[in-house]
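**Student:** With the sequence up front, the predicted model follows.
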Amino acid sequence: MLAQENILIAEDVLKLADFGSCRGIYSKQPYTEYISTRWYRAPECLLTDGYYNYKMDIWGVGCVFFEIVSLFPLFPGTNELDQINKIHKILGTPAQELLEKFKRHSAHVDFNFPQTSGSGVAKLIPHVPPDAVRTLPAAVLRASLLHASCSSRFSFIGAGSLLLLLGVWVCRWR
Amino acid sequence: MGVQVEVMTKLIAYDPDDRVSARQALRYAYFRELRQAEKKAAAQAQALAIASSQHSTPSATPRATPAAAPSPAPSATVNADGKAVRSARAEERDAGAGAKAPGAAPAAAAAAAPAPEPAPSAAATTMQRRANAGKEKDKDEKKRGVGASNLPNMPKNLVRNQAKVRLRDSSGSS
């Protein structure tokens, strides 16, 4: 799934790996709920019984992107409930209608979340030298998005290995 | 900095319906520099191909000075594509020379049309040209990033080519 350990970089080549949980495009919902590394799992995947789509990968891309830029995970949840709470702490508890939308496809989640307004992402991003901002994170993000935009045969394919990637990044700019 | 936060926020929109798609995200201003670098690289490869097909010395054709490798990805395509294009054009040129002057034809033209009759060798030339067009199409697909066409091969290559470094275990893998 879209997680750190599956983005591999060697010199000027960047590849995405681990297609362990890809699915054919013709399979029908609901899909497996227990999918994706927890930290990069999208809210619709955490809250519904398998009613997610290709947008789930975009969430994962966003989380990985944040981690490349800031060098720490955005939502390091220790379990599923903690995961959703960590998301709410930063993005805020979503509007009731949105929660209702998820609730229609959910039987296992208690939707009584404490109301929080969320801190926002901007505050969490430290100051990074301008060069670093423009090159590697952008290149990685672009590669991931290109991959996501053309993976029509299979969906929900992971990118990953930000860990390796972080290592490369740290070596280059620190 | 602002652009980066904007991209990030769009990628991690709580509602999957509000979340940006990969295709939309690739059009963001955040990637402008990468897009330009890629375009420049493609133009350089083209110029290289034209220069070699016209039998002119590289210094004779005015060319843009090579970019100082603004990002890892585009510079990789320059090298690979530059070589690929040159060899494809060289083949075509050789085949064309074979059609005009069979006496001076190299091995490629001789293999394609053993009898130096004008009609078959001309047909061979067009076939060659078509084959080259196919090659260039492939190359374009590769240039788009991690193409969908070679996805199934990737994990194998990765295992063979690079050591998978795990700096830290992420929580609950899929």
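**Tutor:** Nice, I can see it.

**Student:** show me where chain A has helices.
**Tutor:** Shown for chain A, the helices assigned by DSSP state H span residues A:43-47, A:55-70, A:80-91, A:96-103, A:130-134, A:136-150, A:162-173.

**Student:** Let me know which of the ones you listed is the nearest to residue B:28.
**Tutor:** Residue B:28 sits nearest to helix A:136-150 of all these, at 9.3 Å, using C-beta to C-beta. Glycine gets a C-beta too; all of them are placed from N, C-alpha and C.

**Student:** May I see the helices of chain A organised as CSV, with mean neighbour count added?
**Tutor:** Shown next, in CSV, are those (neighbours: other C-beta atoms under 10 Å in any protein chain shown):
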stretch, mean neighbour count
helix A:43-47, 24
helix A:55-70, 25
helix A:80-91, 18
helix A:96-103, 15
helix A:130-134, 15
helix A:136-150, 24
helix A:162-173, 18
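
**Student:** Need the ones you listed in JSON lines (columns: distance to chain B and mean pLDDT).
**Tutor:** Formatted as JSON lines, the helices of chain A follow (distance: least, C-beta to the nearest C-beta, whole Å; pLDDT from 0 to 100):
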{"stretch": "helix A:43-47", "distance to chain B": "5", "mean pLDDT": "90"}
{"stretch": "helix A:55-70", "distance to chain B": "3", "mean pLDDT": "85"}
{"stretch": "helix A:80-91", "distance to chain B": "5", "mean pLDDT": "93"}
{"stretch": "helix A:96-103", "distance to chain B": "5", "mean pLDDT": "92"}
{"stretch": "helix A:130-134", "distance to chain B": "6", "mean pLDDT": "54"}
{"stretch": "helix A:136-150", "distance to chain B": "3", "mean pLDDT": "76"}
{"stretch": "helix A:162-173", "distance to chain B": "4", "mean pLDDT": "43"}
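
**Student:** Tell me which of the ones you listed lies nearest to residue B:31.
**Tutor:** Between residue B:31 and the helices of chain A, the tightest spacing by C-beta to C-beta is seen for helix A:136-150, at 5.4 Å.

**Student:** now the angle between helix A:55-70 and that closest one, please.
**Tutor:** Helix A:136-150 and helix A:55-70 are oriented at 170 degrees to each other (axes from the mean of the first three to the mean of the last three C-alpha atoms, to 10 degrees).

**Student:** other SSEs contacting helix A:136-150?
**Tutor:** The helices and strands touching helix A:136-150, judged by 3 or more C-beta pairs under 8 Å, 6 or more residues apart in numbering or on different chains; DSSP states H and E, are strand A:13-16, helix A:55-70, helix A:162-173, helix B:22-25, helix B:32-53, helix B:72-100.

**Student:** could you say which helix or strand contains the closest residue in space to residue B:19 that isn't next to it in sequence?
**Tutor:** Nearest residue to residue B:19, sequence neighbours excluded (C-beta to C-beta, 6 or more residues apart in numbering or on different chains): residue B:13, at 4.2 Å. Counting by DSSP states H and E, no helix or strand carries residue B:13.

**Student:** Any idea how many residues pack against residue B:13?
**Tutor:** Look at residue B:13: counted by other C-beta atoms under 10 Å in any protein chain shown, it has 19 neighbours.

**Student:** how close does it get to residue A:96?
**Tutor:** Distance from residue B:13 to residue A:96, counting by C-beta to C-beta, to the nearest Å: 17 Å.

**Student:** Report the closest residue of chain B relative to chain A.
**Tutor:** residue B:11 (2.9 Å; C-beta to the nearest C-beta).

**Student:** Quickly note the distance from the nearest residue to that residue once chain neighbours are set aside to residue A:70.
**Tutor:** Using C-beta to C-beta, 6+ apart and skipping the chain neighbours, the partner closest in space to residue B:11 is residue A:62 (2.9 Å). From residue A:62 across to residue A:70, the span is 12 Å (C-beta to C-beta).

**Student:** ok, now residue B:15?
**Tutor:** The gap separating residue B:15 from residue A:70 is 24 Å, by C-beta to C-beta.

**Student:** likewise residue B:2?
**Tutor:** Distance, residue B:2 to residue A:70, by C-beta to C-beta: 16 Å.

**Student:** Residue A:38 reaches residue A:80, doesn't it?
**Tutor:** Yes. Counting by C-beta atoms under 8 Å, residue A:38 sits close enough to residue A:80 to count as a contact (7.1 Å).

**Student:** so who does the residue nearest to residue B:11 touch?
**Tutor:** A:74, B:8, B:10, B:11, B:12 (C-beta atoms under 8 Å, 6 or more residues apart in numbering or on different chains).
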